[in-house]
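Participant: generate coordinates for the sequence data below:
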Amino acid sequence: MLTVALVGNPNTGKTSLFNTLTGSYEYVGNWPGVTVEKKVGVLKGKRGSLIDLPGVYSLNPLSKDEGITSQFLMDEPFSTILNVVDASQLARNLQLTIQLLELGKPMIIAMNMVDVAANRGLENDPNALSKALHIPVLPVVARLGKGTTEIFEYLSLENTSVQSHAFQLDYGILENDITALSKQLPEHVSNKRWMALQFFEGNSVVRHALEAHIDTAVLQHAYEQAQSQVKTSHQVNNLPQFIRQVRSRYIDSLLKQCTTESKPKRSLRSEQIDTIVTNKWLGIPIFILFMFLTFKLTFEWIGQPLSDLLDTFFNGPLKDGFGTALTAINASPFIESLVLDGILAGVGGVLVFVPQIFMLFLIISFIEDSGYMARIATVMDKLMEVIGLNGKAFIPMIIGFGCNVPGIMAARTIEQPKERLLTVILTPLMSCSARLSVYSLFVGIFFKEHQALIVLSLYLLGIVIALVLAKIFSMTILKQEQSMFVVELPPYRIPQLRTLLRSTWEKGKGFVKKAGTFIFGGSVAIWLLSYAGPGGLGVDMNESFMAMIGGFIAPLFSPLGFGTWQAGAALITGFLAKEVVVSTMNIIYIAPDTQALQTALAGQFTPLGAYSFIAFILLYIPCLATVGVIRKETGSIKWTWFSIIYALIVAYLISLIIVGIGHLLGM
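Facilitator: Residues are numbered from 1 along each chain as shown. Prediction:
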């Protein structure tokens, strides 16, 4: 079975090529560090499997996700390497290519973005590069699918031996040390020279593997001896620098053979746009304006009207149809109430917000694929630096606007462990799409004329609280070392409609799937707790088990402006998933439609209490799935509990402050 490892620098179009070759879809974004763990797809025609590894600049891992690539290449069986390089950034990309060639595996180079290179006045000769390296070099435009047919011709069972001879650079004075270390490895190790080179380059994954065969003191002596020699002979600071210099000289010779540079065919649009959107004074206001327009589209201009149409369908023809069918089969009052007041009210009450959720995901997909995401990180870097993080930490937080789970997982790209941990525990403060259904419900009742502005204030509140806590935590429990911010600014692109729609669906289908499974089950459970009580079945809602549960904690929230048992019950069920807050309210208020629910809530909350409530929803305990991924990413029960407890405390304090300020202002 053919197994192909897909490897390349971040932002070379690697995952787009994966999608084209397999016909499947993976999470694609136009910024470094999207793919944070290996993903496997079946090549079209069932030729074999394609493994999409995290994007890396070098096999020497600096972050958690980069270590996955080195570990896989060293330990896992595979047939061929498909190395994706950016044709407009060959000098940098070929550093990784050389390391892959030294591994000694069959290899193909997919020279992507040849169109971008041409616009920049760079003409690359794939045939010349292929002849110099003795492997196939195939020009492609991954996002358009151009050149993939030729890749398929090589990625066949008959053409796996595509590397005609062993690749080996001469590292001069270091060669004796490489040979000496290689000889100490057991016979069954097939890539001895590569492992020796990676060890001298400082690869921690390889060093750990070598320690299983060679004494640590011997390894340390070998490293120090080699470093001493290159420092004396070549006047460099360390071994990795010497190795990079050797490779850079070789790459320069390659580029002279295969690359010519002429005047750009058109002005560099990206640089011109960047003078505005990354300006130190305009960058953050432009980002906030972009968010405001996002919420205008989501809540007022497009998303809300579509949600109203869906609500009309759910609470009109669909509900009438179910009612008629249940009557026709002589369903019992219990079953009728379960279906109409439990399942349909709970699940339907969440699904009406699907248009708004998908509109938000469409805009997030546009930000990712256009290249603006990396600019946001750049703009935020100075501010993040003040609070003990860097701009790269803001990328997981932005991803968290869609869903906190992938946002937390994206923190794997952050090099420094403490900085990565801090990002993980703060990302849940970002307002995810699940909370959007709660916002939609409340702003439509209490802030109808300023929906976009109120929702924007909640998103900004989450960001501000996260930044303040980052400063506090980085000065106390998680003191940070100095970190350097390096992020690539990809060229701006006009996203393809097909790519945007597919990306939006991949992000949004989880919301729909959750409504059909998790929220379905939750709605049934909530209805049962509302239908039953100590007095039996069919009790008054205020005498139900749900009222007892919500009433137990309701007094705690009275100072926050929402001390009803209904609010308390919704907050408890919201721990399972934030969308369930809306399902719970639909059921416990016995609302036949959204209009009825809005009327009921208008009698229970004041505008001040409503804002306090949705601010609490924003900040309090992360949902169950988020808690699970925090546990997985931190590997610590202690930090998982910390993320739950601090969020509860912060949510309570912020809601208390909101109510206090409101009372002072006479609200």
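Participant: was I right to think Asp125 contacts Cys258?
Facilitator: Yes - assessed by Cβ atoms under 8 Å, Asp125 is found in contact with Cys258 at 4.5 Å. The C-beta positions use only the backbone N, C-alpha and C, and glycine is treated the same way.
Participant: show me which of those two is the more surrounded one.
Facilitator: More neighbours sit around Cys258 than around the other of Asp125 and Cys258, counting by other Cβ atoms under 10 Å; the figures are 20 against 16.
Participant: for the more buried one, give me phi and psi.
Facilitator: Recorded main-chain torsions at Cys258 are phi -120, psi 0, according to degrees, to the nearest 10.
Participant: mind listing what it touches?
Facilitator: With Cβ atoms under 8 Å, 6 or more residues apart in numbering as the criterion, the residues that contact Cys258 are Asn124, Asp125, Pro126, Ala128, Leu129, Ala132.
Participant: give me the beta-bridge partners of the first one?
Facilitator: Listed beta-bridge partners, Asn124: Thr259 (assigned using DSSP bridges).
Participant: check which residues of stretch 224-243 are buried.
Facilitator: Neighbour-count burial for stretch 224-243, counted by 16 or more other Cβ atoms under 10 Å, picks out Ala226, Gln227, Gln229, Val230, Val236, Leu239, Pro240, Phe242, Ile243.
Participant: so which of these comes closest to Val580?
Facilitator: Pro240 (51.1 Å; Cβ to Cβ).
Participant: how near is that closest one to Phe199?
Facilitator: In this structure, Pro240 and Phe199 are 11 Å apart, going by Cβ to Cβ, to the nearest Å.
Participant: neighbour-wise, which of the contacts of Cys258 leads?
Facilitator: Leu129 (23 neighbours).
Participant: need the max-distance pair from the buried residues of stretch 224-243.
Facilitator: Among the buried residues of stretch 224-243, the pair separated by the greatest distance (Cβ to Cβ) is Gln229 and Pro240, at 14.4 Å.
Participant: and Gln168, that one's in a strand?
Facilitator: No - when DSSP: H, G, I helix; E, B strand; the rest coil is applied, Gln168 is found to be coil, with no strand at that position.
Participant: pretty sure it contacts Glu102?
Facilitator: Yes - when contacts are counted by Cβ under 8 Å, Gln168 is listed as touching Glu102 (7.3 Å).
Participant: neighbour count: the two, which is higher?
Facilitator: Between Gln168 and Glu102, counted using other Cβ under 10 Å, the more crowded position is Glu102 (19 against 12).
Participant: can you map out the helices along the stretch 351-500 of the chain?
Facilitator: With DSSP state H, counting those that start in this stretch as the criterion, the stretch 351-500 of the chain has helices at 354-370, 372-386, 394-399, 404-409, 417-426, 433-446, 451-475, 497-516.
Participant: other SSEs contacting the longest helix along the chain?
Facilitator: With DSSP state H setting the assignment, residue counts place helix 637-664 as the longest helix in the chain. Packed against helix 637-664 by the contact rule (3 or more Cβ pairs under 8 Å, 6 or more residues apart in numbering; DSSP states H and E) you find helix 417-426, helix 451-475, helix 607-619, helix 624-634.
Participant: for this protein, which segments count as strands?
Facilitator: 2-8, 39-42, 48-52, 80-86, 107-112, 122-124, 137-139, 259-261, 532-533, 536-537 (DSSP state E).
Participant: between these, which one is nearest to Pro406?
Facilitator: The closest approach between Pro406 and any of these, judged by Cβ to Cβ, belongs to strand 39-42 at 12.8 Å.
Participant: which other helices and strands contact that closest one?
Facilitator: Here strand 39-42 is seen to pack against helix 14-22, strand 48-52 when contacts are counted using 3+ Cβ pairs under 8 Å, 6+ apart.
Participant: try 10 Å this time
Facilitator: Using 3 or more Cβ pairs under 10 Å, 6 or more residues apart in numbering; DSSP states H and E as the contact criterion, the elements in contact with strand 39-42 are strand 2-8, helix 14-22, strand 48-52.
Participant: now those in a markdown table, with mean neighbour count and distance to Ser70?
Facilitator: What follows is these, written out as a markdown table (neighbours: other Cβ atoms under 10 Å; distance: least, Cβ to Cβ, whole Å):
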| stretch | mean neighbour count | distance to Ser70 |
| --- | --- | --- |
| strand 2-8 | 24 | 10 |
| helix 14-22 | 23 | 16 |
| strand 48-52 | 21 | 14 |
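Participant: next, count neighbours for His450.
Facilitator: Burial of His450 is recorded as 14 neighbouring residues (other Cβ under 10 Å).
Participant: the nearest residue to it once chain neighbours are set aside - how many residues pack around it?
Facilitator: Spatial nearest neighbour of His450, chain neighbours left out: Val443 (7.9 Å); criterion: Cβ to Cβ, 6 or more residues apart in numbering. With neighbours defined by other Cβ under 10 Å, the count for Val443 comes to 25.
Participant: these two touch, right, Val443 and Ile454?
Facilitator: Yes - here Val443 reaches Ile454: they are 5.0 Å apart, a contact under Cβ atoms under 10 Å.
Participant: spit out the residues that contact those two alike.
Facilitator: When contacts are counted by Cβ atoms under 10 Å, 6 or more residues apart in numbering, the set common to Val443 and Ile454 consists of Phe295, Phe299, Ala610, Tyr611, Ile614.
Participant: domains in this protein, by residue range?
Facilitator: Here the domain assignment for the chain is 2-154, 172-237, 284-482+500-664, based on automatic domain parsing.
Participant: out of the ones you listed, nearest to Arg269?
Facilitator: Across these, the minimum distance to Arg269, taken as Cβ to Cβ, is reached by domain 2-154, at 8.9 Å.
Participant: can I get the buried residues of stretch 224-243 in TSV including pLDDT and distance to Ile363?
Facilitator: Output for the buried residues of stretch 224-243, formatted as TSV (pLDDT from 0 to 100; distance: Cβ to Cβ, whole Å):
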residue	pLDDT	distance to Ile363
Ala226	91	52
Gln227	90	51
Gln229	87	56
Val230	86	51
Val236	79	48
Leu239	90	47
Pro240	91	42
Phe242	93	47
Ile243	94	44
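Participant: just these now: which is nearest Thr20?
Facilitator: Proximity of these to Thr20 was ranked by Cβ to Cβ; the top entry is Ile243 with 34.1 Å.
Participant: show me the contacts for that closest one.
Facilitator: Contacts for Ile243 were tallied using Cβ under 10 Å, 6+ apart; they are 60, 98-99, 169, 171, 174, 197-198, 200-202, 230, 236.
Participant: make it 8 Å
Facilitator: With Cβ under 8 Å, 6+ apart, Ile243 has these contacts: Tyr171, Leu174, Leu197, Phe200, Glu201.
Participant: ok, the second one to Arg435 distance?
Facilitator: Right, the one you point to is Leu174. Spatial separation of Leu174 from Arg435 under the definition Cβ to Cβ is 55 Å.
Participant: just Gly444 next, same as before
Facilitator: From Gly444 over to Arg435 (counting by Cβ to Cβ), the distance is 15 Å.
Participant: out of the two, which sits in the busier spot?
Facilitator: Ranked by neighbour count (other Cβ under 10 Å), Gly444 and Arg435 place Arg435 first, with 24 against 17.
Participant: my guess is Phe518 contacts Ser583. True?
Facilitator: No - checked against Cβ under 8 Å, the pair Phe518 and Ser583 is beyond contact range at 10.1 Å.
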